[in-house]
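Colleague: need a structure here:
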Amino acid sequence: MRIDFAASKKTFASRFAFIAVVFVVSVGVGMLLTQESVRAPLAAASLSRATGVFAFSWSPDSTDVAFVSAQGGTSEIWLVDIAADAPRRITSDGLPKSDPQWSPDGRWIAFVATEADGRTDILGVSSDGAETRTFVATPSGESAPRWSPDSSRLLFLSDAEGPDRLMVIDLESGEIRTISDTPASDPQWSPDGESIAFVSDPLPNDDRRDNEDIFVVPAGGGPTRLLTPGTQRYRDYAPSWSPDSSKLVFVSERNGFSNLYTIDLDGGNRTPLTDTELDQHRPRWSPDGRSIAFVQVEDFEFHVWLIPAAGGRPIQVSDRAGTNGGFQRPNQGPAGTLGWSPDGRFLAFTHSDPARTSDIWIVPGGGVRPTPLTNSMPVELRRESQFTSPEIRTYRSFDGVDIRALIYRPTGRSGQERYPAILVFRDTVEGANAIAWDPFIQSFVSNGYLVFAPNIRGSGGQGRDYRQSIFGQGGDADIRDALIGLDSLSADGVIDAERVGVFGAGSGGFHAAAALARDGSRFGAAVSLEGITDLVTAASYPVTASWIRYMAGGTPMDLPRPYYERSLINFVGTLRTPIIFLYGGADVTVPFQQIEQFAVQAEVGGKWFDYRAFDGEPHGWQHWRPNSVRVALEAAHALFDTHLLGRARPITLSRNR
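Modeller: Now for the predicted structure:
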């Protein structure tokens, strides 16, 4: 459906006034049930309460697990006994929380809290929930808390001096020391307390982002030592210590895929554990030193495996299709994880699939069938038949590259009918559209849309070359991959090319905007959640600068044309697609400045758009409060239903900034 936006702008482009979202989802449901086999649309209010668990931490006595969940309405720390008692909440301050870490002495659970201005601090709650404490709170941002083995100190990352640096605080004195001036990520304290391993890119101005190495530094400070020299132009990352602190297991791309290696603390005996053409992530050494758990990418699924630490045949632990143990590299967002109990008797990991949000599953170390430890699905959503599983499609892109995609088809439709469709981009920079829980996708499908979710070039899980093929082409070649996929679906008579929308969150929000900049005439409506509209300003943000240079191939001054052509802000004048922007009010990764810049041009040019900045919400909608997710779901449906299906819905989305 096409509309005249100059005529229909009306009050929607008024001066950033806050307009309340009022959607009555149930209205018209009976009209949708034209065939007995058509499912009723899933309610946004229910889907938004399937909040999920993405991070957890074992108690030192291996009897409880701490995790973050927004199931009570706000993001809080919860505890669950592995004897399957009901989880109990032990915080209630409402601040978005992440990365819980239980102290080895069992007294405290440290976590990262996001303040209203987007600044992150490190707080703690006593294991009985009786006391809260601020461990580190500065004008800068702190993250990745890691306890010393004696619980007297906390290692963390701080961006006070630019890229994250390793810092340690003595909890008794409050003294904070810089441990290493080398930019760092994924810090890991050795079990003996003597050393800290971390990941860094030692190459200056590495716009290609194709190099990472493992470093080790004394825990008390001292010379930083490169543990993986001579490996430029591929990544060594994800270190995990052996229990005796003499070795590390890590991931290396030296064969073109992410496989497992071990290495001695002095840098000797670098030994491959696996040699496959599959990507593997998140290795975790077992407490008894005999096994290593890891996640293996298998097309659109992710499974947990065990391999003997001395080498040998790996065995698969996870037994359910879907996403097990997380589907991204460390430090890439809320995607799940895995971890051994300190006594080594159990391995826990997160699992999600198209009918289940991410939850903790637990399996004895011997590999008996995993069982769920938490269940975050609302009661009314626990019937699997309500949800749609995808089919896999392969097609050839413009330059001969094969692209793999997930297709979610609505049920109960005639085989001769062309579907209205929504193109969904992946959420994270090097992540992937996976067979996993996604409330947006399930909501779209249940409302009659075919969802097309391609893993365009640059996606993770398909080896180094596929990921790196996007260097300098981000917002161009990857967008062409997606558009050709839409063309193939249209040519096969599957979708109605006149009724196509586009949706994306995070890096997908940028891709949604870039798709409009490239060929907005294809899309009847668009939703960009946490999306970048102007690459030039985003190249100056500390968090996104290196990613933007990677996507564009250099700086704005070096390569002005890619920055111009892939930024939607430069095409507002010709934009005819109605678009809604959704942002976290506390998001420092993609700050509100992005929509302010777009809004000025759209207001002056008389173009229809709307937006909402959700107060206090951080980057990553998976961390948002259920009510914020509900509003986002309802806003997307109002826009798509109005402009793709001709079911007029009042789009009265509040502009609260």
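Colleague: use CA for all of it now, contacts and neighbours both
Modeller: Fine.
Colleague: which strand of the protein spans the most residues?
Modeller: In terms of residue count, the longest strand belonging to the chain (DSSP state E) is strand 495-505.
Colleague: could you say what helices and strands that strand packs with?
Modeller: Strand 495-505 makes packing contacts with strand 419-424, helix 477-491, helix 507-519, strand 525-529 when contacts are defined by 3 or more CA pairs under 8 Å, 6 or more residues apart in numbering; DSSP states H and E.
Colleague: run through this protein and note the low-pLDDT ranges.
Modeller: Applying pLDDT under 70 to the chain flags residues 1-39, 328-334, 366-367, 413-416, 650-657.
Colleague: what about 50?
Modeller: Low-confidence segments of the chain (pLDDT under 50): 1-36, 656-657.
Colleague: what ranges do the helices span in it?
Modeller: Here the chain has its helices, by DSSP state H, at 5-8, 29-32, 44-47, 439-446, 464-468, 477-491, 507-519, 535-538, 545-552, 560-565, 593-605, 626-640.
Colleague: can you redo these as CSV with mean neighbour count and distance to D299?
Modeller: Listed next are the helices of the chain as CSV, based on neighbours: other CA atoms under 10 Å; distance: least, CA to CA, whole Å:
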stretch, mean neighbour count, distance to D299
helix 5-8, 13, 42
helix 29-32, 11, 34
helix 44-47, 20, 26
helix 439-446, 23, 19
helix 464-468, 18, 13
helix 477-491, 20, 18
helix 507-519, 25, 20
helix 535-538, 21, 31
helix 545-552, 23, 24
helix 560-565, 18, 31
helix 593-605, 17, 34
helix 626-640, 24, 28
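Colleague: contact partners for the closest residue to G474 other than its chain neighbours?
Modeller: What sits nearest to G474 in space, not counting adjacent residues and going by CA to CA, 6 or more residues apart in numbering, is M551, at 4.2 Å. Residues near M551 by CA atoms under 8 Å, 6 or more residues apart in numbering: I470, F471, G472, Q473, G474, G475.
Colleague: how about those residues, which pair is most distant?
Modeller: F471 and G475 (10.4 Å; CA to CA).
Colleague: who's more crowded, these two?
Modeller: G475 (24 against 21; other CA atoms under 10 Å).
Colleague: okay, strands next: where are they in the stretch 201-350 of the chain?
Modeller: Under the criterion DSSP state E, counting those that start in this stretch, the stretch 201-350 of the chain contains strands at 213-218, 225-226, 236-241, 247-252, 259-264, 271-272, 280-285, 291-298, 301-308, 315-316, 323-324, 338-340, 346-353.
Colleague: which neighbouring elements make contact with the third one?
Modeller: Read that as strand 236-241. By 3+ CA pairs under 8 Å, 6+ apart, strand 236-241 packs against strand 185-189, strand 195-200, strand 213-218, strand 247-252, strand 280-285.
Colleague: got the contacts of M551 as JSON lines, with distance to S546 columns?
Modeller: As requested, these are arranged in JSON lines below (distance: CA to CA, whole Å):
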{"residue": "I470", "distance to S546": "14"}
{"residue": "F471", "distance to S546": "12"}
{"residue": "G472", "distance to S546": "12"}
{"residue": "Q473", "distance to S546": "14"}
{"residue": "G474", "distance to S546": "13"}
{"residue": "G475", "distance to S546": "15"}
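Colleague: I'd like to know which of the residues you listed is nearest to I392.
Modeller: I470 (22.3 Å).
Colleague: dump the helices of the chain to JSON lines, plus distance to W78.
Modeller: Output for the helices of the chain, formatted as JSON lines (distance: least, CA to CA, whole Å):
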{"stretch": "helix 5-8", "distance to W78": "48"}
{"stretch": "helix 29-32", "distance to W78": "36"}
{"stretch": "helix 44-47", "distance to W78": "21"}
{"stretch": "helix 439-446", "distance to W78": "22"}
{"stretch": "helix 464-468", "distance to W78": "36"}
{"stretch": "helix 477-491", "distance to W78": "40"}
{"stretch": "helix 507-519", "distance to W78": "30"}
{"stretch": "helix 535-538", "distance to W78": "36"}
{"stretch": "helix 545-552", "distance to W78": "34"}
{"stretch": "helix 560-565", "distance to W78": "44"}
{"stretch": "helix 593-605", "distance to W78": "34"}
{"stretch": "helix 626-640", "distance to W78": "16"}
